[in-house]
Each structure stands twice: as C-alpha cells, then as structure tokens.
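Trainee: return a 3D structure for these sequence lines:
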Amino acid sequence: MPNGRVTNLFLNIGHALDHLMLLVYATAVIGIAAEFNLTYNDMLPLATGAFVMFGLGSLPAGWLGDHWSRRGMMIVFFLGLGLSSIAVALCSTSWQLVVTLTVLGIFAAIYHPVGIAMLVQDAKKVGITIGINGLAGNLGIAAAAILSGLLMQRFGWRSAFIAPGLLSIVTGIAFWLMVPKESMAPAKRAKQPVDLPRALVLRAFAVMTTVAICSSLIFNFTTNSMPKVFDERLVGITRDPALVGLFLGGVYFVASLAQLVVGTLIDRFPLKTIILPVVILQVPLFALASTAQDWSMLVLATAFMLLVFGQIPFGDSMIAQYFDDRMRSRVYAVRLTISFGASAIAINLISALNAHGGFSLVMQTLSVVAVGSFVAALFLPGRNPQRAPATAAQPAE
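Mentor: Now for the predicted structure:
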C-alpha cells in the first residue's frame, strides 16, 4: 500500500495523539491529587503501568503489524486509545487509575512500531519524513500541556481525558474509511537482497538500543516532570496554572521544530556527525538548569528541550537505513521494548529523586544520563549504509 498524503496525515495525527494521551496525566495529576487528597509524589507513580506497557506492548503490536496488517493495527490504536482515555476520566479511586492508565499504555504502544514503519516504508527522504512526524508528536506533547491546563481550569481534570479521547475515536473512524487496505502483510512480501554485513547491522542495533535507553530516560524525565518543575520554578513569573501550561506548551512547540532541522540533516550527512553534538550539549544545559529559576529556567528549558526533541529521529532513521521493511515493525518493537521499558522507571525515579533532592537532583541525574548517550554514539559507524537496489519482487509464498 503506497503511502499518500492522506495516509501520512493520519499517521502524523496519530503520533500527536499518542504523545498527547500519554502526557495528559503528567499535567492533570496536580488536579487529580487535590481531589483524591494525595500528594504529587504519591500520584505520579500510578502511571508506571502505562509506560511499562508502552514498551512491552510494542512487541505483540510490531509482530501483528508485520504479519497481519499495519492498517488494521492503526485502527485498533485510534479506537482503543480514545476509549481508554475516556475510561481514565471515569475513575474515582487510585486503583482504577492504575488499571485504566495501564490499558491506555497498551493501546499507545501500537503507534511507534506500526505507525513509523508504515510511514517510512515508501519514503524517498526518510530523514525529513521522520522529522515531520516527530514534529507532529511533539506538537501533541505541547497540546497536552496547553489544552490540559486550560480544560482543567475551566471544566475539571476529567475533561482533559475526554476531549482527546473523542478526537481519537473520530480520527480512527476516518482512518478506517479513507486509508486503503494493504495488498498483503509486510512479512509476506518477497525478500530483499542481504547487502549489509551482519556485524555492521548488529553493531548499529547495539548502539541504537543503548542510545535509545538513555534518550528515552531523558525524554520521560523531562516531559513528565516539567509541568511540576515549571509550577515550582516559575513562581517569580506567574502562579496561574493555565499560564504555566502555556509557557510549557510554548517551550515544547519551539523545541519541536528541531526535528525538522535534524531530519533534513539526516538526509544529507552521516548520523554520527549529527548526533554527537546533539547529545553532548545536553550535559551542561541540564547542569545549569538544576539551580535555575524564573526566566533563566524558561530559557534553559527551551534550550535543552530543543536537543531532547532533536535527538528523537535518530533511532527511527537508523532502523530505516539498516533493516528491511519486511521486519521493521518487529525491530522497532524490540528497540521500544528495551528503551521504553527501561524509561518506565523514570516515573518512579522522578518521585524518589524529587523527594530526596528536589528537581535539582533530577536535572543533575539527566546530565549523567546524557553522558551515557554520548559515549554510546561514539561507536556509530562513520558512514551511513548504502543498500544495493532492490530486485524485482515476487510475492512471497
């Protein structure tokens, strides 16, 4: 099924909804904690199941995407994500939140191994295609901060889950009606010539996975803690929750533009040349942010989020360059299981580190993790792989 503009538009909307849904709780938790008479540090870990399943759920999702239907899995994604988000809004106890957020994480897990593989399967310029898709995902993050804050202030925290849930369901129905069916499952297509040395592929996968673990930890640390960080660190500027949400959304919007720049560069230069400066510059910025307040915190947050978001396209681009489309959903799934499974501990670590040393300790920890990304990226191959032209394909038996 060749990807047209309509299909890509739906896939980009899906990426925005995926990240929006996962981060609504990070913004809404302040209001939920007040209603449930619990503290922020008590409530935030309730979302751990969502992030665990966001990683583990990608394995069956990737297998089904390759062997059954990527289009079919995306329909399940849109409808399931919307229904589970509405279910979260109906919760009245902590345990209900744990269950519904975990189910939401299961459906959210579908997008990356299936949607990204579907997006790049016919892309001529993988870097910019992934960059635009990444921008859409980060706009979803910005929307989570802005819309959740506004909806919470006007209608209560439950509306922050109901509104995007309904949007996801409507989008899923439109996707079902407008995106054509695949002629066959990706895994059943003809095999392509094996033209990359096995050792090179394994090396790239090892580096990619290590960097993904570090970057996912940083991504989850920052996006889940930033609403509370801004709530505490911007008190000299404003105490209005809606305005804090607008500031955070503005930071995410500006930072999301980095993916377009990085995506364009990936199509022109080796991955290693681009990723090394992106990860090493995070180290001093996180260190400085550990003690920043008010406007300096806002400026530093914009700077390090530019780099955090700018790093996102690298893993997806490596898979597109090193692995055949017949198995990409499964490769994406393995990488996501490892990286997001590891980053699920970020939810509990944020609470633990904040309890012992505040968000200063959180930022200092991120500096150390960024060093790990840099060391791993040093082992990337110096050149992007050049694949041999694909032979005429015959249907696989």
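
Trainee: what strand or helix carries the residue nearest to residue 227 when sequence neighbours are not counted?
Mentor: Across the structure, with CB to CB, 6 or more residues apart in numbering as the measure, the residue nearest residue 227 apart from its sequence neighbours is residue 27 (4.8 Å). From N, CA and C alone the C-beta is placed, and that goes for glycine too. Using DSSP states H and E, the secondary-structure element containing residue 27 is helix 5-36.

Trainee: so what does that helix touch, helix or strand wise?
Mentor: Using 3 or more CB pairs under 8 Å, 6 or more residues apart in numbering; DSSP states H and E as the contact criterion, the secondary-structure elements in contact with helix 5-36 are helix 40-43, helix 48-56, helix 70-89, helix 94-108, helix 116-120, helix 126-155, helix 159-178, helix 198-233.

Trainee: just name the most buried of those.
Mentor: Highest mean neighbour count among those (mean count of other CB atoms under 10 Å): helix 116-120, with a mean of 26.

Trainee: looking at the helices and strands packed on helix 5-36, which is closest to residue 252?
Mentor: When these are ranked by proximity to residue 252, the top entry is helix 126-155, at 3.6 Å, counting by CB to CB.

Trainee: give me the angle between the closest one and helix 5-36.
Mentor: In terms of direction (axes from the mean of the first three to the mean of the last three CA atoms, to 10 degrees), helix 126-155 departs from helix 5-36 by 40 degrees.

Trainee: and the average pLDDT for stretch 65-82 is what?
Mentor: This predicted structure assigns stretch 65-82 an average pLDDT of 93.

Trainee: which residues touch the closest residue to residue 38 other than its chain neighbours?
Mentor: In space, and not counting its chain neighbours, residue 38 is closest to residue 94: 7.3 Å by CB to CB, 6+ apart. Contact criterion CB atoms under 8 Å, 6 or more residues apart in numbering gives 36, 38, 43, 46 as the residues in contact with residue 94.

Trainee: let's see 10 Å
Mentor: Residues near residue 94 by CB atoms under 10 Å, 6 or more residues apart in numbering: 32, 36, 38, 42, 43, 46.

Trainee: out of those residues, who's nearest residue 112?
Mentor: Here the nearest of the contacts of residue 94 to residue 112, counting by CB to CB, is residue 46; it sits at 22.8 Å.

Trainee: which element, helix or strand, includes residue 64?
Mentor: Using DSSP H and E, residue 64 maps to helix 58-67.

Trainee: now do the residue nearest to residue 227 against residue 230, distance only.
Mentor: Computed as CB to CB, to the nearest Å, the residue 27 to residue 230 distance reads 10 Å.

Trainee: give me the common contacts of the two.
Mentor: By CB under 10 Å, 6+ apart, the residues touching both residue 27 and residue 230 are 145, 241, 244, 245, 248.

Trainee: so what's the last one closest to, chain neighbours aside?
Mentor: Think residue 248. Leaving aside its sequence neighbours, residue 248 sits nearest to residue 145 (CB to CB, 6+ apart; 4.1 Å).

Trainee: touching, that neighbour and residue 255? I think so.
Mentor: No: counting by CB atoms under 10 Å, residue 145 stays clear of residue 255, with 11.6 Å between them.

Trainee: thanks again, I'm all set now.
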